[in-house]
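S.K.: predicted model and sequence follow; I will ask about them next.
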Amino acid sequence: MDDLVIRPFQAADEAGIAALWGEVFPNPSPWNMPAADIRRKKAVQPELFFVSVQNKRIIGTAMGGYDGHRGWVYYLGVHPDFRRSGVGSMLMRAVEEGRIAIGCSKLNLQVRASNVDVVNFYKQLGYSTEEHVSMGKRLV
């Protein structure tokens, strides 16, 4: 893919990311609105927020976090026109390398069990299903 770059988030990326997420993650929950999630990530570990750009167009994202114990991946998304071209794998490598660089030894992610294509994508990258119960509590 000519002119493809994986790089950290820049402030000028915000509108392009919001547009991409609107297409890749339609109908977000009220607590997962792009502008708010981007604002929060800019405030906490912004260096773990990656974008994939081709010809000045944002075609993919991956957001990560690290709490000192485990790393997490969020918002891995690739524009439908660029899926199965290696962009998602390159973004995941950037996320993994970014976590290794800060001493993270384990990376976690959550996928809806019904999203078989995405589950298979991660399995091809070496991720496996772990026997855990995922729990959460909405605080706001």
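M.R.: Structure received.
S.K.: doesn't residue 122 make contact with residue 111?
M.R.: Yes: between residue 111 and residue 122 there is a contact at 6.6 Å, judged by CB atoms under 8 Å. For every residue, glycine as well, the C-beta is placed using N, CA and C.
S.K.: low-confidence stretches in this structure?
M.R.: Low-confidence segments of the chain, defined by pLDDT under 70: 1.
S.K.: in it, which helix is the longest?
M.R.: Criterion DSSP state H: the longest helix present in the chain is helix 87-101.
S.K.: then it to PDB, C-alphas only?
M.R.: Extracted in PDB, the C-alpha atoms of helix 87-101 (Å, rounded to 0.1, in the frame of the first residue of the first chain):
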ATOM      1  CA  VAL A  87      -3.800  -2.400   7.800                       C
ATOM      2  CA  GLY A  88      -5.400  -3.900  10.900                       C
ATOM      3  CA  SER A  89      -2.400  -6.200  11.400                       C
ATOM      4  CA  MET A  90       0.000  -3.300  11.100                       C
ATOM      5  CA  LEU A  91      -2.000  -1.300  13.600                       C
ATOM      6  CA  MET A  92      -1.900  -4.200  16.100                       C
ATOM      7  CA  ARG A  93       1.800  -4.500  15.700                       C
ATOM      8  CA  ALA A  94       2.200  -0.800  16.500                       C
ATOM      9  CA  VAL A  95       0.000  -1.300  19.600                       C
ATOM     10  CA  GLU A  96       2.000  -4.300  20.700                       C
ATOM     11  CA  GLU A  97       5.400  -2.700  20.100                       C
ATOM     12  CA  GLY A  98       4.200   0.400  22.000                       C
ATOM     13  CA  ARG A  99       3.200  -1.700  25.000                       C
ATOM     14  CA  ILE A 100       6.400  -3.700  25.000                       C
ATOM     15  CA  ALA A 101       8.400  -0.400  25.000                       C
END
